[in-house]
Every structure is written in C-alpha cells, then in structure tokens.
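>>> Generate coordinates for the sequence data below:
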Amino acid sequence: MKRTRRNHGAAFKAQVAVAAIKGDKTLAELAEQFSVHPTQITEWKQQLLARAADVFGGTTPTSDTPDLKVLHAKIGQLALENDFLEGALIKAGLLSAKR
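I've put the predicted structure just below:
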C-alpha cells in the first residue's frame, strides 16, 4: 500500500534533525518514532548543520535578484563581440552580407 505524500512543517523537521544530531537514538529508531524514512532524517540533519551558522549571523542570505548593471554590461560586451565577429566573417567571405 502506497502512502500519500506528506508535507512536514519547519518545526517538525527541526525537531527530528535535532534528535538526530543528539545521537541518543539510531536513525532506525528515530524513523520509527517520527514515522519518517531514515534518508529523510539524514537530509534534514545535513540541512540543519549547513544552515546553523545563519542563526548567529554567520552568512548573509544571497539575493535571488541579479545585479542588473552587471547583466547589462555583459549584454553590451556580447553584442560588441558579435558585431565584430560578424564583420570579420563577412570580410573573410565566410558569411554573406545579406542576412
């Protein structure tokens, strides 16, 4: 019988991950206690350990918004390079002037 997919809240994940970090019980015991697969417990534990420094301000969160000035500069550079290469190919006879 296949179980339906469950979505666990952040508090539950943290509780399970902390229990795994304590090491008082094996992964199998924790999996049975919390009704979660041992692989999932390992993943939550790794996520908690990876982000633990963020709690104390160790890293600044990365912004999902790219720097538009940098992107516009890159677009301009690539446009110039394309124009240059197109001109060179036309002079070399490898590309027709009519496009």
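>>> going forward, measure contacts between C-alpha atoms and count neighbours the same way
Noted.
>>> hmm, who's touching the worst-scoring helix or strand of the chain on mean pLDDT?
When the helices and strands of the chain are compared on mean pLDDT, DSSP states H and E, helix 38-55 comes out lowest with a mean of 90. Counting by Cα atoms under 8 Å, 6 or more residues apart in numbering, the neighbours of helix 38-55 from elsewhere in the structure are 13-14, 16-18, 20-21, 27-28, 30-31, 59-60.
>>> Using PyMOL, define a selection of the buried residues within the residues you listed.
To isolate the buried subset of the contacts of helix 38-55 in PyMOL, counting by 16 or more other Cα atoms under 10 Å, use the following:
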select buried, resi 13+14+16+17+18+20+27+30+31
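>>> Contacts for the longest helix anywhere in the chain, please.
Ranked by residue count under DSSP state H, the longest helix found in the chain is helix 68-91. Helix 68-91 is contacted by residues 95, 96, 97 when judged by Cα under 8 Å, 6+ apart.
>>> quick one: low-confidence parts of the chain?
Within the chain, the segments meeting pLDDT under 70 span 58-63, 98-99.
>>> same thing but 80
Counting by pLDDT under 80, the chain shows low-confidence ranges at 1-5, 57-65, 97-99.
>>> residues near residue 38, how many?
Residues contacting residue 38 under the criterion other Cα atoms under 10 Å number 18.
>>> Distance of it relative to residue 54?
Residue 38 sits 25 Å away from residue 54, taking Cα to Cα, to the nearest Å as the criterion.
>>> what about residue 29, neighbour count?
Other residues lying near residue 29 total 13 when counted by other Cα under 10 Å.
>>> Checking residue 66 next. Helix, strand or coil?
Of the three states, residue 66 takes coil under DSSP: H, G, I helix; E, B strand; the rest coil.
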